[in-house]
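Undergrad: show me how the following folds:
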Amino acid sequence: MEASLSPLLPLFERERLAGRALALGVLVHTAGSTYRKPGALILIAANGDYAGLISGGCLEGDLAEHARSVIATGAAREIRYDMRGTEEVLWGLGLGCEGAMRILLLRAGPENAWQPLTHLAAALAAHEATAIGIVVESQVPHAPVGTVALPQAGGPLAVASVQAALERARAAGQSHWLEEPCWKLFVLPLSLPPRILLLGAGPDAAPIVDFAARLDWKVTLLDHRPAYANPAHFPGAERVVVARPEQAAAVLQLEHFCAAVVMSHHLASDLAYLRVLARSSLPYVGLLGPAVRRERLLAQLGRDADALQPRLYAPVGLTLGGRTPESIALAIVAQLHAFVHARETPARQAPAWPLSGHA
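TA: Got it, this is the predicted structure:
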């Protein structure tokens with residue numbers, strides 16, 4: 001799993017501006033059924049405020065009590081919860097998760113420049129993949145539990161094996177362990193939010209942007225109509241661009257996106273968008289509209305259709321039912337979510353709405 005930082009940023013910035021230390025919680029191990037998996041993060045302030053979830057809100061209050069001690073003393077601490085047996089009754093929480101987890105709490109404050117939060121926040125702002133390592137078990141005084149390893153940084157963990165482990169996690173996007181004779185390092189990559197491109201900025205694009213923003217996805221919209229491509233209409237978007245469809249590859253770096261949805265409601269514009277996308281490497285291309293419209297556009301694409309069809313999801317969206325723009329947006333975002341997280345291969349040509357309702 002990867003470390004998702006965005007939910008933690010508001011609390012981090014608030015406490016850093018005030019010069020206050022926080023406790024960063026890292027879920028390092030789970031067994032059985034748990035709400036989150038290794039790599040999940042939680043950030044806890046000295047007053048008990050927290051951001052991020054380790055459980056469904058059941059354990060966070062207790063974890064905050066331990067966090068106060070970590071903030072006060074600076075000593076990292078591992079907290080264990082086990083709800084697999086009758087002992088869970090002692091908690092009085094009735095969690096029903098039937099799982100166990102180990103969470104490492106470490107202090108991030110002025111004395112260590114709020115690392116590793118500062119490094120992760122900078123990488124997220126630049127949309128650059130990275131990974132960090134945290135010592136979870138240690139028998140050596142120079143690298144106690146809670147010691148952080150950063151790429152290309154000095155310190156007690158500036159050794160080739162650690163740097164190689166960080167690079168492996170960064171490249172693969174998967175957490176793993178590095179075990180040495182006297183210490184054990186948990187290595188986790190930063191989770192970068194997917195970048196989605198909407199080609200067409202009509203009113204029905206707004207709920208897609210809203211859903212995507214809730215997931216912390218980064219959405220760019222492009223439209224040749226200035227009245228539509230208005231940033232004020234899409235406060236949750238990362239970028240809104242006014243350009244002709246055929247200019248999309250020139251004004252945008254298409255390789256930075258993992259998916260594009262064509263939804264201009266204008267046949268000639270959609271054709272131009274599809275032609276640009278057919279010559280790109282984007283692995284997912286969604287097309288709004290019924291199957292008959294799809295076939296018409298593919299026929300007009302000629303040879304470009306051969307390069308596009310293996311990546312084309314048309315009509316775009318899962319079959320969830322509903323006719324409203326919000327229902328269609330939900331169906332589109334749900335299919336994108338399945339694609340981004342590679343849980344399954346969504347049906348490419350399953351309509352997300354009754355075909356008779358859309359031209």
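Undergrad: list the contacts for Phe257?
TA: By CB atoms under 8 Å, 6 or more residues apart in numbering, the contact set of Phe257 is Arg195, Ile196, Leu197, Thr220, Leu282. Glycine gets a C-beta too; all of them are placed from N, C-alpha and C.
Undergrad: of these, which belong to strands?
TA: Among the contacts of Phe257, the members found in strands (DSSP state E) are Arg195, Ile196, Leu197, Thr220.
Undergrad: so which of those comes closest to Leu17?
TA: For the ones in strands among the contacts of Phe257, the closest approach to Leu17 (CB to CB) belongs to Arg195, at 28.2 Å.
Undergrad: as a markdown table, the ones in strands among the contacts of Phe257 with neighbour count would be great.
TA: Output for those, formatted as a markdown table (neighbours: other CB atoms under 10 Å):
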| residue | neighbour count |
| --- | --- |
| Arg195 | 18 |
| Ile196 | 27 |
| Leu197 | 27 |
| Thr220 | 20 |
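Undergrad: pipe those into JSON lines and attach distance to Thr34 and pLDDT per row.
TA: Listed next are the ones in strands among the contacts of Phe257 as JSON lines, based on distance: CB to CB, whole Å; pLDDT from 0 to 100:
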{"residue": "Arg195", "distance to Thr34": "29", "pLDDT": "96"}
{"residue": "Ile196", "distance to Thr34": "29", "pLDDT": "98"}
{"residue": "Leu197", "distance to Thr34": "35", "pLDDT": "98"}
{"residue": "Thr220", "distance to Thr34": "35", "pLDDT": "98"}
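Undergrad: make TSV out of the residues you listed and add distance to Leu106.
TA: What follows is the ones in strands among the contacts of Phe257, written out as TSV (distance: CB to CB, whole Å):
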residue	distance to Leu106
Arg195	31
Ile196	34
Leu197	38
Thr220	36
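Undergrad: out of those residues, flag the one nearest to Pro226.
TA: For Pro226, the nearest member of the ones in strands among the contacts of Phe257 is Thr220. The distance, counting by CB to CB, is 16.3 Å.
Undergrad: in the sheet, who's paired with that closest one?
TA: When bridges are called by DSSP bridges, Thr220 pairs up with Leu197, Arg239.
Undergrad: residues contacting it?
TA: Residues in contact with Thr220 (CB under 8 Å, 6+ apart) are Arg195, Ile196, Leu197, Leu198, Ala237, Glu238, Arg239, Val240, Val241, Leu252, Phe257.
Undergrad: pull the contacting residues for Gly146.
TA: Contacts of Gly146 (CB under 8 Å, 6+ apart): Ala75, Ala76, Leu104, Leu106, Arg107, Ile134, Val135.
Undergrad: just give me the closest of the ones in strands among the contacts of Phe257 to Pro325.
TA: Ile196 (16.9 Å).
Undergrad: packing partners of the longest helix anywhere in the chain?
TA: Longest helix in the chain, counting residues (DSSP state H): helix 325-340. Identification of packing neighbours for helix 325-340 by 3 or more CB pairs under 8 Å, 6 or more residues apart in numbering; DSSP states H and E yields helix 206-214, strand 259-262, strand 285-287.
Undergrad: out of those, which comes closest to Ala3?
TA: Nearest to Ala3 among the helices and strands packed on helix 325-340 is helix 206-214 (19.5 Å), distances taken as CB to CB.
Undergrad: and the contacts of the closest one?
TA: Under CB under 8 Å, 6+ apart, the answer for helix 206-214 is 196, 198, 219, 221, 233-234, 236-237, 261, 325-326, 328-330, 332-333, 336.
Undergrad: do you know the pLDDT at Trp353?
TA: According to the prediction, Trp353 has pLDDT 36.
Undergrad: out of the contacts of helix 206-214, which are buried?
TA: Among these, the ones that count as buried by 16 or more other CB atoms under 10 Å are 196, 198, 219, 221, 233-234, 236-237, 261, 328-330, 332-333, 336.
Undergrad: between all of those, which two are separated the most?
TA: The distance between the two most remote of these (CB to CB) is 20.4 Å, for His233 and Leu336.
Undergrad: low-confidence ranges, the stretch 251-359 of the chain, go.
TA: The stretch 251-359 of the chain contains residues with pLDDT under 70 at 343-359.
Undergrad: what about the helices in it?
TA: For the stretch 251-359 of the chain, the helices defined by DSSP state H, counting those that start in this stretch cover 267-278, 291-301, 304-308, 325-340.
Undergrad: out of those helices, which is closest to Gly52?
TA: Relative to Gly52, the nearest member of these by CB to CB is helix 325-340, separated by 19.6 Å.
Undergrad: give me the contact list for the closest one.
TA: Residues from elsewhere that reach helix 325-340 (CB under 8 Å, 6+ apart): 194, 196, 203-204, 206-208, 210-212, 215, 258-259, 261, 283-284, 286, 288, 313, 316-322, 344-346, 352-353.
Undergrad: buried among those? Make that a ChimeraX selection.
TA: ChimeraX command restricting the contacts of helix 325-340 to the buried ones, with burial defined by 16+ other CB under 10 Å:
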select :194,196,204,206,207,208,210,211,212,258,259,261,284,286,288,313,316,317,318,346,352,353
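Undergrad: count the residues that sit near Gln152.
TA: 7 (other CB atoms under 10 Å).
Undergrad: quick check: closest non-adjacent residue to it.
TA: Leaving aside its chain neighbours, Gln152 sits nearest to Gln163 (7.4 Å; criterion: CB to CB, 6 or more residues apart in numbering).
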